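Colleague: I'll drop the sequence and a predicted model, then ask my questions.
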Amino acid sequence: MQNGTLLAAIDLGSNSFRLEIGRYHSGHIERIEYLKETVRQGNGLDEEKNLSQAAMERGWECLARFAERLHGFKRQQVRAVATQTLREARNRDDFVRQAQTILGFPIDVVSGYEEARLIYQGVSRLLPHSDEKRLVVDIGGRSTEMILGQGYSARTMESYRLGSVAWSTRYFPRGQCSVGAFKTAEVAAKAVIDEALDKFPPADWTIAYGSSGTVSAVADMLAANGWASGVVTRSGLDWLTDRMIKAGNVDQLRIEGLKDDRRPVIGGGVSVLRAIFDLFGIEQMLPAQGALRHGALYDLIDRDTDGGDVRERTVSWLTHRFSADEAQGKRVSAVSTALFAQIAALDAQNERYSQKLAWAARLHEIGTHISHERSHHHGAYILDNVDARGFSLPELHRMSQLVLGQRGKLRKLEEALQDELFAKQLMALRLAVLLCHARQMPEHESVKLSYKARAFKLATNPGWAKRYPQSAWLLGEEVVAWQKSAWKFTADIR
């Protein structure tokens, strides 16, 4: 990556949307601009886990303003990440589809595990380099991430379903604060994160950092009222809680350092933070400057570096974790991407789809670790449910659908096959699996694939069918399989 390159990260959080723009220089990023808008999408989830129209429109309007600022940026300069609210929302596809059109860039809905990885990456990059063993806590609107790490390496990561928006709505209705409300909220929080003691035992870390909104807001309020700057202490939390209870309602709370956009969710955030202090015996927590959006920025740098893309390392890890035949995966990957290139002009967009096809091909046999008979079903299930560093949930699902469709009937993918690019990816993968059936690199240069108006056509050089009779027979079977889909496939096998 060239010095001076502008990079941007967007964090679509449950409470706020944030845009961070920085300039790259020699492995570091200098802040150019930071925009934050309180959108409160988390409040827009109904009992059926659907986002309200009003919540979606608030998000779209904010992203339209961000889009204006990002005019002229290229895709590889921007990463947009959505978290817990959109992980939960049943109608998230409706929101994301329109949001991507407005923003002009893809939006990655990431797993809690991936969110935790990015948070730690952001926190560690903005801290002085040290060998200290850190516990990083990020209390978001609807989820709380905890990470144990050292240096730039995150060792243990987890995401829990509790946060400032969710707990404020549930335990502090209409902003009411009382001793009973705090007690109930803290007990409920401990019930959710009780298992975290086994994953993040206090003996395994020496210092606790708090990332993002809640810890930063509490630290600001304490510092503005005479407490030590840059630290949240247990006694300071007790003092703040007492002030909130005496006020009776957050609307009546008069305290220096409390920002208006934080007021409606401060009760839930403080109760979760108190529960964490209690559960882990924490005496003080330091606010961290880094956050999810910074991790996303540094992830853009990694993806631009040879061998730096964490997704590449994750694919290798999954291959070994599930004892897949690495050589066969690479053969299928090479053949499938070569075929895909024949039917999809490799512009910037199609290059990304080619890369995802290559990863799916390398992982197409991970399901054999469970069962050979239904390996494609098991492989798809693994990809839909695994914690895979670097990948968004939609990326993993698309790869799972390719793995599922690598063989067998196409009826199971009827909905996915409405997407032309998916159909091209799937055709390339199925043909590659077929051609590599002998677990050797096939003579695929003699196979020509073309596409026009929902119709695929395959042709071979003269004499190919005689040299490879088994492959020729399998291609004939493949033609029959596609006859039962909305796509046409013909083969001139000579």
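Modeller: Looks like it arrived, so ask away.

Colleague: residue contacts, the residue most central in space within the chain?
Modeller: Taking CA atoms, centre = their mean, the centroid of the chain lies closest to residue 110, which sits 1.8 Å from it. Going by CB atoms under 8 Å, 6 or more residues apart in numbering, residue 110 touches 81, 82, 83, 87, 118, 392, 393. Where C-beta positions appear, they are placed from N, C-alpha and C, glycine not excepted.

Colleague: nearest to residue 249 among the residues you listed?
Modeller: residue 83 (28.6 Å; CB to CB).

Colleague: my read is that that closest one contacts residue 143, right?
Modeller: Yes. In this structure, residue 83 is within contact of residue 143 by CB atoms under 8 Å, at 6.5 Å.

Colleague: chain center to stretch 361-369, what's the gap?
Modeller: The chain centre lies 22 Å from the centre of stretch 361-369; the measure is CA atoms, centre = their mean, to the nearest Å.

Colleague: what does it rub up against?
Modeller: Taking CB under 8 Å, 6+ apart as the rule, stretch 361-369 contacts 315, 318-319, 321-326, 328-330, 332-333, 336-337, 374-383, 399, 402-403, 406, 429, 432-433.

Colleague: got it, and stretch 68-79?
Modeller: Outside stretch 68-79, the residues that touch it by CB under 8 Å, 6+ apart are 5-10, 19, 21, 33, 35, 103-106, 108, 296-297, 299-300, 303-304, 348.

Colleague: what's the answer for stretch 405-412, then?
Modeller: 364, 376, 404, 413, 416-417, 426, 429-430, 433, 481-482, 484-485.

Colleague: and of those residues, the nearest to residue 277?
Modeller: For the contacts of stretch 405-412, the nearest to residue 277 is residue 404 (45.3 Å; CB to CB).

Colleague: for that closest one, which non-adjacent residue is closest in space?
Modeller: residue 380 (3.7 Å; CB to CB, 6 or more residues apart in numbering).

Colleague: buried ones in the helix or strand containing the one you found?
Modeller: Counting by DSSP states H and E, the element that carries residue 380 is helix 375-385. Applying a neighbour-count criterion of 16 or more other CB atoms under 10 Å, one finds 375, 376, 377, 378, 379, 380, 381, 382, 383 buried in helix 375-385.

Colleague: from memory the last one sits against residue 394, does it?
Modeller: No. Taking CB under 8 Å as the contact criterion, residue 383 and residue 394 are not neighbours in contact, 11.7 Å apart.

Colleague: closest to residue 260 out of the buried residues of helix 375-385?
Modeller: The closest of those, once distances to residue 260 are taken by CB to CB, is residue 383, at 43.3 Å.

Colleague: identify the residue spatially nearest to the closest one, adjacent ones excluded.
Modeller: residue 400 (3.8 Å).

Colleague: now do residue 262
Modeller: residue 217 (4.7 Å).

Colleague: quick one: contacts for that neighbour?
Modeller: Here residue 217 is in contact with 258, 259, 262, 266, 269 (CB under 8 Å, 6+ apart).

Colleague: now neighbour count too, for those, in TSV please.
Modeller: Output for those, formatted as TSV (neighbours: other CB atoms under 10 Å):
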residue	neighbour count
258	21
259	12
262	22
266	26
269	26
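
Colleague: all helices in the stretch 101-250 of the chain, in order from the N-terminus.
Modeller: With DSSP state H, counting those that start in this stretch applied, the stretch 101-250 of the chain shows helices at 112-125, 164-171, 179-193, 196-199, 213-224, 234-247, listed in chain order.

Colleague: angle of the third one against helix 234-247?
Modeller: For helix 179-193 against helix 234-247, the angle by axes from the mean of the first three to the mean of the last three CA atoms, to 10 degrees is 130 degrees.

Colleague: got the buried residues for helix 179-193?
Modeller: 181, 182, 185, 186, 188, 189, 190, 193.

Colleague: the third one against residue 269, yeah?
Modeller: No. Applying CB under 8 Å as the test, residue 185 and residue 269 come out as separate, 10.2 Å apart.

Colleague: give me phi/psi at the nearest residue to residue 323 once chain neighbours are set aside?
Modeller: Counting by CB to CB, 6+ apart, residue 369 is the residue found nearest to residue 323 once chain neighbours are left out, at 5.2 Å. Backbone torsions of residue 369, given as degrees, to the nearest 10, read phi -60, psi -30.

Colleague: pLDDT at residue 369, what is it?
Modeller: Residue 369 carries a pLDDT value of 86.

Colleague: which stretches of the stretch 251-400 of the chain form helices?
Modeller: 266-280, 292-303, 310-321, 326-343, 348-362, 375-385, 393-404.

Colleague: could you dump the third one to CSV, C-alpha only?
Modeller: Once non-C-alpha atoms are left out, helix 310-321 reads as follows in CSV (Å, rounded to 0.1, in the frame of the first residue of the first chain):
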residue,chain,number,x,y,z
VAL,A,310,-6.5,-13.2,7.6
ARG,A,311,-9.1,-15.0,5.5
GLU,A,312,-6.3,-16.8,3.6
ARG,A,313,-4.9,-18.1,6.9
THR,A,314,-8.4,-19.1,8.0
VAL,A,315,-9.0,-21.2,4.9
SER,A,316,-5.7,-23.0,5.6
TRP,A,317,-6.7,-23.5,9.2
LEU,A,318,-10.1,-24.9,8.3
THR,A,319,-8.5,-27.3,5.7
HIS,A,320,-6.2,-28.7,8.4
ARG,A,321,-8.8,-28.6,11.2
